[in-house]
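Peer 1: Got a predicted structure plus its sequence, pasted below:
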Amino acid sequence: MEGLALKATTRDILGKKTRFLRRQGITPAHLFGHNLKSLALQCNTTELKSIIAQAGTTTLFNLKIGTEKRPRKVLIREIQNDALSQQILHIDFYQIIMTEKIKVEVPIVLVAEAPAMRVKGRLLMQSLTSLSIECSPDKLPPEVKVDLSPLEEVGQAIRVKDLVINPDITITSDPDQLIVKISEEAAAKVEEAVAEAEAEAPVEVAPEQEPTD
């Protein structure tokens with residue numbers, strides 16, 4: 001997105017003291033990159049929210065740090081939010097070298113109509129919502145579109161290996177991974193019940209961690 005930019009400054013306040021920054025409308029951040037020493041930064045929370053809304057995690061933008069003459073090309077790598085208030089606690093930026101390929105997750109967007117869905121009692125089940133890809137920064141797509149028009153019958157599906165995308169982009173997700181499938185409503189409910197049962201199986205919970213500041 002041409003012209004998209006965010007201002008940031010270096011940060012000396014670390015650890016639990018960063019809560020005082022948040023109260024002032026400032027979000028703590030870190031900048032990482034290949035062969036780059038990480039930098040502790042801070043930025044205006046309102047401006048940051050605007051960038052997140054416009055760029056997401058798949059659009060390059062300029063990060064202007066303090067008095068540096070040249071902005072850095074970055075992607076949003078991770079956002080930490082408060083579980084209850086959804087307040088932004090911390091954000092990680094990743095500096096991009098335009099001559100090196102990058103690996104990212106891009107969202108999957110379903111387009112067109114599946115002819116099979118014109119019959120009542122059928123469900124379109126989506127199993128995958130993002131795709132792992134590798135490409136040059138200038139070829140990075142904001143999303144990957146999946147055309148549903150070939151799905152004409154119950155049982156038909158689209159897997160990662162069925163996708164046709166820009167030859168400059170390499171898909172690194174499992175090629176056999178299911179993206180979408182047409183199911184009868186009753187069969188879909190059985191599959192959902194099995195998935196819920198598996199999800200309810202006891203798991204070991206890791207101790208809660210403080211935000212990475």
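Peer 2: Ah, there it is. Predicted model only: the values in this text are computed from it and were never measured. Numbers count the residues shown, from 1 in each chain.

Peer 1: Run through the helices of this structure in chain order.
Peer 2: With helices called from DSSP state H, the chain shows them at 18-23, 45-55, 185-199.

Peer 1: List the buried residues of the first one.
Peer 2: If I follow you right, that is helix 18-23. For helix 18-23, burial by neighbour count (16 or more other C-beta atoms under 10 Å) applies to Thr18, Leu21, Arg22. C-beta here means a position set from N, CA and C on the backbone, and glycine is covered the same way.

Peer 1: Would you enumerate the residues in contact with the residue nearest the centre of the chain?
Peer 2: The centre of the chain sits closest to Thr57, judged by C-alpha atoms, centre = their mean, with a distance of 5.1 Å. Residues near Thr57 by C-beta atoms under 8 Å, 6 or more residues apart in numbering: Leu75, Ile76, Arg77, Val104, Glu105.

Peer 1: Which ones among those lie within strands?
Peer 2: Among those, the members falling in strands (DSSP state E) are Leu75, Ile76, Arg77, Val104, Glu105.

Peer 1: Can you say which of those residues are buried?
Peer 2: Using 16+ other C-beta under 10 Å, the buried ones in those are Leu75, Ile76, Arg77, Val104.

Peer 1: contacting residues around the third one?
Peer 2: What that stands for is Arg77. Phe32, Thr57, Asp92, Phe93, Tyr94.

Peer 1: what about 7 Å?
Peer 2: Phe32, Asp92, Phe93, Tyr94 (C-beta atoms under 7 Å, 6 or more residues apart in numbering).

Peer 1: so what's the residue nearest to Leu151 when sequence neighbours are not counted scoring on pLDDT?
Peer 2: Leaving aside its sequence neighbours, Leu151 sits nearest to Ala114 (C-beta to C-beta, 6 or more residues apart in numbering; 3.9 Å). Note for Ala114: predicted pLDDT of 96.

Peer 1: Count the neighbours of Ala114 for me.
Peer 2: Using other C-beta atoms under 10 Å, Ala114 has 20 neighbouring residues.
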